[in-house]
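Novice: 3D model of this:
(one chain, ligands or ions: 1)
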Amino acid sequence: MNFHVSHENDLLLKTVRAFMEEEMYPHEDMVDRTGEVPEELGRRIEEKSKELGLFACNLPEDVGGGGLDYAAMHLIEREYGKTSHALHSWAARPTEILLACEGEQRERYLLPCVAGQKRELFALTEPEAGSDVMGMKTNARRDGDDWILNGSKHFISGPCMPDFAIVFAATGEDETPRGTRKRVTAFLVDVGTPGFDCREGHKCVSYRGYKTFQLSFDDVRLGPEQILGEEGKGLELSGQWLGMGRIWVGACCCGKAERILGLATEWAAGRRQFGQPIGRFQATGFRLADAAMNLRAADLMVTDAVVRAERGALQDADAAMVKVYCSEMLNRIADDTVQIYGGMGLMEDMPLQRLWRDSRLERIWDGTSEIQRHIITRSILRPLGA
Ligand SMILES: Cc1cc2nc3c(=O)[nH]c(=O)nc-3n(C[C@H](O)[C@H](O)[C@H](O)COP(=O)(O)OP(=O)(O)OC[C@H]3O[C@@H](n4cnc5c(N)ncnc54)[C@H](O)[C@@H]3O)c2cc1C
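Specialist: Numbers count the residues shown, from 1 in each chain. This is a model prediction of the structure:
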C-alpha cells in the first residue's frame, strides 16, 4: 500500500526495510526455536535503531525522540508487523504515557527511556482482572504522604528485564452517576524497590522470545513523587494513549498479512497437483482474492484512523473497529494460507507456522475482539440512551 506516501516517508520505509533485512529477518527462526533473543543481538538492534533515528521515534523531538508524525509511525509499525515483537521491540517506542512525567520524573524515567538507558513496562492486567480492568485487586493506601502498594500483575510484556513499571492500582472509590467506581492511579515503580518482585512469567507461543513478566507488590512504599499524572486519573491517562496503540496493532496486522499473503501466492503458483498449479483451483484462487480484498480494506481502515488521529478526532470506537477488523482479517489470511499449503503449512521448518502462531495473539492483547465489539456497540447505542 504505497499511496499518499511522501518522499521523506518513502525514504524512511526503505531505511526500515533495510534495517529489518539486516538485523531482524535472519534471526527470526533461531529466536522462535530458542525462545530467546540473545542479549548481544538485542543490544545491536537497539544501537542500530539509535544510529538510524528509529529508537523512540514516536516521541517528540523536545524530549529527544524522533518526532515522527502518525503517518510516518503508521509505515514503521506496519513494516515491523512483518516480523516478531521479540525483535522489533528492541528498537523501542516507549509508551507515550511517559510524556505525563513532570519535574524530576522526566530525568528519572522519561529521558532515560528515550535515550535507551531505561526500559519500562505497562502493567495493567492481573491474574483475576484481564478484560474486567475494574476488577483489579492491586491497591495503594495512603500512609502519611506515602503510598503502600499491594497486589500483583501478570502478562506484562517487554523485550527484556525492565528498570521500572507503570503500575495501575486502586486508590479508593468514587461515587458516579453510574454507581461506585474504583479510583485508579498510575505509579512509577522501580525494579529493586523493597517488596517489589518482578520475574519472568508464562511463556507465550506467539512471538516466542518476547517476554511476559509477573509482578508482585508486598507493602511496597512509594513516595508521592512516584504518581504519574494525577491521583485517581490513571485510567483516563492510559485511555489517551490506548487508542493509538490499537491503531498500531491494526497496522502491524496489515504488515504481517501482506507477508503471509506473499507466501500463499508463491505456494499457490508453484505447487502443482492434478497437473496444474493449485492456484488455478477456484477454492485456492478465491482464497487469495478474498485475502487481497480484506487486506486492502484493513489498510484503508488504518489509514482512515491515522487521518482521524492527526485531526484529533479519533474516537474509542474508531480504534476498536481497526483492532477487531485488522486482527481478524490477519487470522483469516493466516489460517487460509495454512490450508493452501496443506501439510507443509504445519511443518516446523516453514516460517508459515510461526507467523500463524504469532497472528493469534493479535485478537487477544490490547483488549480482546469481544471487548472491542462492546466498545463499538456502546458507541452505537449510547446516543439513544440505551
Ligand atoms: C503475550 C501477552 C502480552 C501482554 N502484554 C500486556 C502488557 O504489557 N500489559 C498489560 O497490562 N497487559 C498485557 N497483556 C494482557 C492482555 O491485554 C489480556 O490478556 C487481555 O486484555 C485479555 O485478558 P485475559 O487474558 O485475562 O482474558 P479474560 O479477560 O479472562 O477473557 C477471556 C475470554 O472471555 C471474554 N470476555 C471477557 N469479558 C467479556 C465480556 N464482558 N463480554 C464478552 N466476552 C468477554 C474475552 O473476550 C476472552 O475471550 C498481555 C497478554 C499477552 C497474552
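
Novice: contacts only, for residue 106.
Specialist: By C-beta atoms under 8 Å, 6 or more residues apart in numbering, the contact list for residue 106 reads residue 63. Placement of C-beta: from N, CA and C, glycine included.

Novice: any idea how far the closest residue to the ligand within the stretch 101-250 of the chain lies from residue 368?
Specialist: When scored by C-beta to the nearest ligand atom, the stretch 101-250 of the chain has residue 130 as its residue closest to the ligand, at 1.7 Å. Distance from residue 130 to residue 368, counting by C-beta to C-beta, to the nearest Å: 8 Å.

Novice: which parts of the stretch 1-150 of the chain sit against the ligand?
Specialist: 122, 123, 124, 125, 130, 131 (C-beta under 6 Å from any ligand atom).

Novice: and the third one, what does it touch?
Specialist: Applying C-beta under 8 Å, 6+ apart to residue 124 gives the contacts 133, 136, 153, 168, 238.

Novice: residue 112: neighbouring residues, count only.
Specialist: Neighbours of residue 112 under the rule other C-beta atoms under 10 Å: 17.

Novice: residue 265 too?
Specialist: 16.

Novice: that one: what secondary structure?
Specialist: With DSSP: H, G, I helix; E, B strand; the rest coil as the basis, residue 265 sits in helix.

Novice: how about the strands in the stretch 51-200 of the chain?
Specialist: Here the stretch 51-200 of the chain has its strands, by DSSP state E, counting those that start in this stretch, at 120-123, 139-143, 146-158, 164-176, 179-190, 196-200.

Novice: brain fart, the stretch 201-350 of the chain
Specialist: 211-222, 227-228, 272-273, 276-277.

Novice: highest mean neighbour count out of those?
Specialist: Most buried of the strands of the stretch 201-350 of the chain, by mean neighbour count (mean count of other C-beta atoms under 10 Å): strand 227-228, with a mean of 23.

Novice: run through who's touching it.
Specialist: 97-98, 100-101, 105, 147, 166, 185-188, 234, 237.

Novice: residues contacting the nearest residue in space to residue 115 that is not next to it in sequence?
Specialist: Nearest residue to residue 115, sequence neighbours excluded (C-beta to C-beta, 6 or more residues apart in numbering): residue 64, at 6.4 Å. Residue 64 makes contacts with 56, 111, 114, 115, as judged by C-beta under 8 Å, 6+ apart.

Novice: nearest the geometric middle of this protein, what residue?
Specialist: Centroid check for the chain by C-alpha atoms, centre = their mean gives residue 249 as the closest residue, at 5.6 Å.

Novice: surely that one and residue 323 touch.
Specialist: Yes. Counting by C-beta atoms under 8 Å, residue 249 touches residue 323, with 5.5 Å between them.

Novice: list residues touching both of those two?
Specialist: Residues touching both residue 249 and residue 323 (C-beta under 8 Å, 6+ apart) are residue 366.

Novice: returning to that earlier point: can you tell me the closest non-neighbouring residue to the residue of the stretch 101-250 of the chain closest to the ligand?
Specialist: residue 155 (7.8 Å).

Novice: I'd guessed that neighbour sits against residue 210; true?
Specialist: No. Applying C-beta under 8 Å, one finds residue 155 not in contact with residue 210, separated by 11.4 Å.

Novice: more crowded one of those two?
Specialist: Remark: of residue 155 and residue 210, residue 210 carries more neighbours, 23 against 18, as counted by other C-beta under 10 Å.
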